[in-house]
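Q: What shape does this take:
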Amino acid sequence: MKKLIYRLEVRYDEKTHMLLEAQATKYKRTKSEFIRNLINKRASNKRLKNIELIGNFNAKVLLDISRVTGNINQIAYKLNLDSNNFDEKNFYEVTSELKMLIREHTAELKKTNLALKEIY
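A: Residues are numbered from 1 along each chain as shown. I've put the predicted structure just below:
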């Protein structure tokens, strides 16, 4: 067990005292242990919420990436249809912009994955 070095005096009313007594007894803990566990669980819940937010962001980025591949297929289809009207300069401008967006998304995903690894 960790060495406990801090002490805190807390004042509360009779109702809160009765609730604390009942809960501590129910879980076979001292009142101090029960309060420490509540604080630690709350901190863990915050971390879980952050993990959920990061996971949702990653899902959105992956969806964007899948849309990009769909767009590439549409570009290829149109190029095959209109091979005589192909504007090479415009094509390279669009693809370089697309590459830049993919690099940005990939970098953001790497950052969030590193943040997730630090949490675990």
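
Q: Could you use CA atoms for every contact and neighbour count after this?
A: OK.

Q: Please compute how far whichever strand or helix holds residue 36 lies from its chain's middle.
A: Assigned by DSSP states H and E, residue 36 falls within helix 31-81. Averaged C-alpha coordinates place helix 31-81 at 5 Å from its chain's average position (C-alpha atoms, centre = their mean, to the nearest Å).

Q: Give me the number of neighbouring residues for residue 52.
A: 12 (other C-alpha atoms under 10 Å).

Q: still on that earlier bit, other SSEs contacting the helix holding residue 36?
A: Judged by 3 or more C-alpha pairs under 8 Å, 6 or more residues apart in numbering; DSSP states H and E, helix 31-81 is in contact with helix 14-26, helix 88-119.

Q: can you state the direction angle for the last one and helix 31-81?
A: It stands for helix 88-119. Helix 88-119 and helix 31-81 are oriented at 160 degrees to each other (axes from the mean of the first three to the mean of the last three C-alpha atoms, to 10 degrees).

Q: for helix 88-119, packing partners?
A: Against helix 88-119 (3+ C-alpha pairs under 8 Å, 6+ apart) you get helix 31-81.

Q: okay, the angle between the helix it packs on and helix 14-26?
A: Counting by the same axes, to 10 degrees, helix 31-81 lies at 80 degrees to helix 14-26.

Q: Can you classify residue 8 as helix, strand or coil?
A: Each residue gets one of three states, and residue 8 gets coil by DSSP: H, G, I helix; E, B strand; the rest coil.

Q: Same question for residue 29.
A: Per three-state DSSP, residue 29 ends up coil.

Q: Dump the helices and strands packed on helix 31-81 into TSV; add distance to residue 4 and mean pLDDT as well.
A: Below are these laid out as TSV (distance: least, C-alpha to C-alpha, whole Å; pLDDT from 0 to 100):
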stretch	distance to residue 4	mean pLDDT
helix 14-26	19	91
helix 88-119	24	79
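
Q: Report the mean confidence score over the helix holding residue 36.
A: For helix 31-81, mean pLDDT is 78.
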